[in-house]
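Enquirer: I need the structure of the sequence given here:
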Amino acid sequence: MTPADHAGSAGSGDLHERARRWLAEDPDPDTRAELDALLVTDDIEQIADRFDGTLEFGTAGLRGALGAGPNRMNRAVVIRAAAGLAAYVQAHGGGAVVVGFDARHKSDVFARDTAEVLSGAGLAAIVLPRPLPTPVLAFAIRHFGCAAGVMVTASHNPPQDNGYKVYLGNGSQIVPPTDAEIAAFIEAVGPLDSVLRGDDWTTAGDEALEAYLDRAAALVRVDAAAAADLQIVYTPMHGVGRDVVLAAFARSGLPTPVVVTSQAEPDPEFPTVAFPNPEEPGAMDLAFATARDFGADIVLANDPDADRCALGVRTPSGRYRMLRGDEVGALLGTHLIRRGARGTLACSIVSSSLLAKIADAAGLPFAETLTGFKWIARVPDLAYGYEEALGYCVDPEHVRDKDGVSAALLLAELAATLKASGRTLDDELDDIARVHGLHHTDQLSVRVDDLATITNVMQRLRADPPTRLGGRDVLSAEDLALGAGDLPPTDGLRYRLEGDARIIVRPSGTEPKLKCYLEVIVPVGSVVPAGDVGAARAVAIDSMADLKADLAAAAGID
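Expert: Just a heads-up that it's a prediction; the model follows:
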């Protein structure tokens, strides 16, 4: 059907009418100009993409591409979200709300709109003084004693995206049924001109940031002289982490990291990476190049809002490799236990099973949660939690969310402690493998243009579950949508295979991706020569390749 055919259809007329109504109340000249141009050219496909749907408010708040219409992130959508949040806070006793924002396009504008709407609703609104990391916002909620918090960020999404993350007064992200209740309040918001705006809101000074830095630095216990020999390269990946990370390192007494110059400044276009996510292929190339130039021992990286932390290590050949999130999760868990951590260790179901064994060996309780720190942070008596996607909560008493700044400090502390005794992080990983087995994890992720592709794959696997993968019998196939153990229902499938291998398949909650998480375990004592971690790793890599190939075939994905 041609655009002209679309224009003559009843559906097209309805789209045009909705677009014109939107245009009439849109407060942003940028999105008004965008939509006006689409109407003039009668670009039905693009108009439909903006108006045949609505960004849904969920546990991740809002996240999507910037642009005009209800299916985009824009000022009109944010104003409605802020009004709905204000109504929710008032319905639950009122209180102050603190708002943080990163350096993405429109983040500062969305933060100001939020503050004005909260103020207009009679609530005290506090806006952080400049673009800052997400963990600073999570800390500030409890520091200021707020009823809620908002972080304007799309984390590691592409440049065209932005988002709106909501926290409650305990400092953790919302979970059901709070998301549905806030969504209902948003739905009840009337015309935009009925939303009151106020100017009685406050721009915070640096008191919350200073308190956060003091607390983060206090986590470090290594002697500065013992750590002085550690060489660190760091990249904020064009995000907001640099100044806070450097201040935290300086305050802790750890060596000052060398910053990757071309990625040092906040830049919403993220010009040097295809995707500003340390996990994406090529994202760490510049950091590793800088590390080679300086002979660095370790490479640390944050994603753009600095709530995640990536770690790279120098190999004996002088090359650098990025550790998987599960490897870092095990290192931090082991390190914190040695430092005397007491309480529950936790990780998400898609993370390695290794942390449960580490906790058991230390006589500590362990909890498994659904994916996301909104669940991990709510584990009672949490001492440490992580998820494989580079998220680590190392100080839940003060930051009930993943914190890429504090995690970077503790990883540097661990690396410095090991180096002082002639050891490396890889040596530590080998020791963990000798005790608990070599746990090798990997992902099979598929980015899609059409979300129906993900739905079709999930339906196919539910209708015809595989019985053998990678030469292993599938011992059980769980549909996580029906719930599993004490876990709430979620869209996912979990397969347990011979030899303690495991696969989980689920749609991403923040990106248009189907994500498959695979784990194989090789007892180090079972390989030849006995105790050879390298031999165990080779066996695990071969097994993983077979698993990935068979899973891709069973799911019908590339």
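Enquirer: which parts of stretch 537-554 are buried?
Expert: Under the neighbour-count criterion of 16 or more other Cβ atoms under 10 Å, stretch 537-554 has Arg537, Val539, Ala540, Ser543, Met544, Leu547, Lys548, Asp550, Leu551, Ala554 buried. (Glycine included, C-beta is placed from N, CA and C.)
Enquirer: which of these fall in helices?
Expert: Arg537, Val539, Ala540, Ser543, Met544, Leu547, Lys548, Asp550, Leu551, Ala554 (DSSP state H).
Enquirer: nearest to Glu181 among those residues?
Expert: Nearest to Glu181 among these: Leu551, at 37.8 Å, using Cβ to Cβ.
Enquirer: was I right about that closest one contacting Leu518?
Expert: Yes. Counting by Cβ atoms under 8 Å, Leu518 is a contact partner of Leu551 at 7.2 Å.
Enquirer: intersection of neighbour lists for the two?
Expert: Leu444, Ile503 (Cβ atoms under 8 Å, 6 or more residues apart in numbering).
Enquirer: where does the nearest residue to Ile182 once chain neighbours are set aside land in three-state SS?
Expert: The shortest distance from Ile182 to any non-neighbouring residue, by Cβ to Cβ, 6 or more residues apart in numbering, is to Tyr88 (4.8 Å). Classification of Tyr88 by DSSP: H, G, I helix; E, B strand; the rest coil places it in helix.
Enquirer: was I right about Tyr88 contacting Ala180?
Expert: No. Counting by Cβ under 8 Å, Tyr88 does not reach Ala180; the two are 10.7 Å apart.
Enquirer: more neighbours: which of the two?
Expert: Tyr88 (21 against 12; other Cβ atoms under 10 Å).
Enquirer: which ones are touching the more buried one?
Expert: So Tyr88 contacts Ala148, Thr178, Glu181, Ile182, Phe185 (Cβ under 8 Å, 6+ apart).
Enquirer: mind checking pLDDT for it?
Expert: Listed pLDDT for Tyr88 reads 98.
Enquirer: separation between it and Asp293?
Expert: Computed with Cβ to Cβ, to the nearest Å, the distance linking Tyr88 and Asp293 is 51 Å.
Enquirer: with Val77 instead?
Expert: Taking Cβ to Cβ, one finds Val77 at 44 Å from Asp293.
Enquirer: out of the two, which sits in the more crowded spot?
Expert: The neighbour comparison of Val77 against Asp293 (other Cβ under 10 Å) goes to Val77, with 23 against 10.
Enquirer: ok, the more buried one - contacts?
Expert: Counting by Cβ under 8 Å, 6+ apart, Val77 makes contact with Leu55, Leu62, Pro70.
Enquirer: would the second one count as being in a strand?
Expert: The reference is to Leu62. Yes. Counting by three-state DSSP, Leu62 is part of a strand.
Enquirer: wait, it sits on Arg80?
Expert: No. Leu62 is beyond contact range of Arg80, at 9.9 Å (criterion: Cβ under 8 Å).
Enquirer: residue ranges of each domain in the chain, please.
Expert: 1-52, 59-209, 228-434, 437-555 (automatic domain parsing).
Enquirer: between these, which gets nearest to Ala216?
Expert: In terms of Cβ to Cβ, the element of the domains of the chain nearest to Ala216 is domain 228-434, at 4.8 Å.
Enquirer: start and end of that closest one, how far apart?
Expert: 30 Å (Cα to Cα, to the nearest Å).
Enquirer: mean confidence score for it?
Expert: What domain 228-434 shows for mean pLDDT is 97.
Enquirer: gap between it and the chain center?
Expert: Its chain's C-alpha centre and that of domain 228-434 lie 13 Å apart, by Cα atoms, centre = their mean, to the nearest Å.
Enquirer: for the remainder of this discussion, apply numbering that starts at 42.
Expert: Sure thing, new numbering starts at 42, so read that last one as domain 269-475.
Enquirer: what ranges do the helices span in the stretch 92-241 of the chain?
Expert: 116-132, 148-161, 175-184, 219-228 (DSSP state H, counting those that start in this stretch).
Enquirer: what residues sit buried inside the first one?
Expert: Residues 116-130 are the ones in helix 116-132 that count as buried (16+ other Cβ under 10 Å).
Enquirer: that one to helix 219-228, inter-axis angle?
Expert: 120 degrees (axes from the mean of the first three to the mean of the last three Cα atoms, to 10 degrees).
Enquirer: where along the stretch 242-391 of the chain do the helices fall?
Expert: 248-259, 265-268, 283-293, 326-335, 366-379.
Enquirer: which of the ones you listed is buried the deepest?
Expert: Compared across the helices of the stretch 242-391 of the chain, helix 366-379 shows the largest average neighbour count, a mean of 23 (mean count of other Cβ atoms under 10 Å).
Enquirer: which neighbouring elements make contact with it?
Expert: Counting contacts by 3 or more Cβ pairs under 8 Å, 6 or more residues apart in numbering; DSSP states H and E, helix 366-379 packs against strand 350-355, helix 395-402, strand 423-428, strand 432-434, helix 445-461, helix 466-477, strand 479-488.
Enquirer: switch those over to a markdown table; also include distance to Val563 and mean neighbour count.
Expert: Listed next are the helices and strands packed on helix 366-379 as a markdown table, based on distance: least, Cβ to Cβ, whole Å; neighbours: other Cβ atoms under 10 Å:
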| stretch | distance to Val563 | mean neighbour count |
| --- | --- | --- |
| strand 350-355 | 21 | 25 |
| helix 395-402 | 12 | 19 |
| strand 423-428 | 22 | 25 |
| strand 432-434 | 25 | 29 |
| helix 445-461 | 24 | 24 |
| helix 466-477 | 9 | 18 |
| strand 479-488 | 5 | 19 |
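Enquirer: between these, which gets nearest to Ala245?
Expert: Nearest to Ala245 among the helices and strands packed on helix 366-379 is helix 445-461 (18.0 Å), distances taken as Cβ to Cβ.
Enquirer: how about that closest one as CSV, C-alpha atoms only?
Expert: Provided in CSV are the C-alpha atoms of helix 445-461 (Å, rounded to 0.1, in the frame of the first residue of the first chain):
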residue,chain,number,x,y,z
GLY,A,445,29.7,1.4,39.0
VAL,A,446,31.7,3.9,41.0
SER,A,447,32.0,1.9,44.3
ALA,A,448,32.5,-1.3,42.4
ALA,A,449,35.4,0.3,40.5
LEU,A,450,37.1,1.3,43.8
LEU,A,451,36.8,-2.2,45.3
LEU,A,452,38.1,-3.9,42.1
ALA,A,453,41.1,-1.6,42.1
GLU,A,454,41.6,-2.4,45.8
LEU,A,455,41.5,-6.1,45.0
ALA,A,456,43.9,-5.8,42.1
ALA,A,457,46.3,-3.7,44.2
THR,A,458,46.2,-6.2,47.1
LEU,A,459,46.9,-9.1,44.7
LYS,A,460,49.7,-7.3,42.9
ALA,A,461,51.4,-6.5,46.2
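Enquirer: helix 283-293 and that helix, what's the angle between them?
Expert: Using the same axes, to 10 degrees, helix 445-461 lies at 50 degrees relative to helix 283-293.
Enquirer: reformat the helices of the stretch 242-391 of the chain as JSON lines; add distance to Arg501.
Expert: Shown next, in JSON lines, are those (distance: least, Cβ to Cβ, whole Å):
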{"stretch": "helix 248-259", "distance to Arg501": "46"}
{"stretch": "helix 265-268", "distance to Arg501": "52"}
{"stretch": "helix 283-293", "distance to Arg501": "44"}
{"stretch": "helix 326-335", "distance to Arg501": "36"}
{"stretch": "helix 366-379", "distance to Arg501": "28"}
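Enquirer: Gly136 is nearest to which of these?
Expert: Nearest of the helices of the stretch 242-391 of the chain (Cβ to Cβ): helix 248-259, 16.3 Å.
Enquirer: pLDDT of the closest one, averaged?
Expert: The average of the pLDDT scores along helix 248-259 is 98.
Enquirer: these two touch, right, Trp206 and Val191?
Expert: Rather than Trp, residue 206 is Lys. Yes. Using Cβ under 8 Å, Lys206 makes contact with Val191 at a distance of 7.0 Å.
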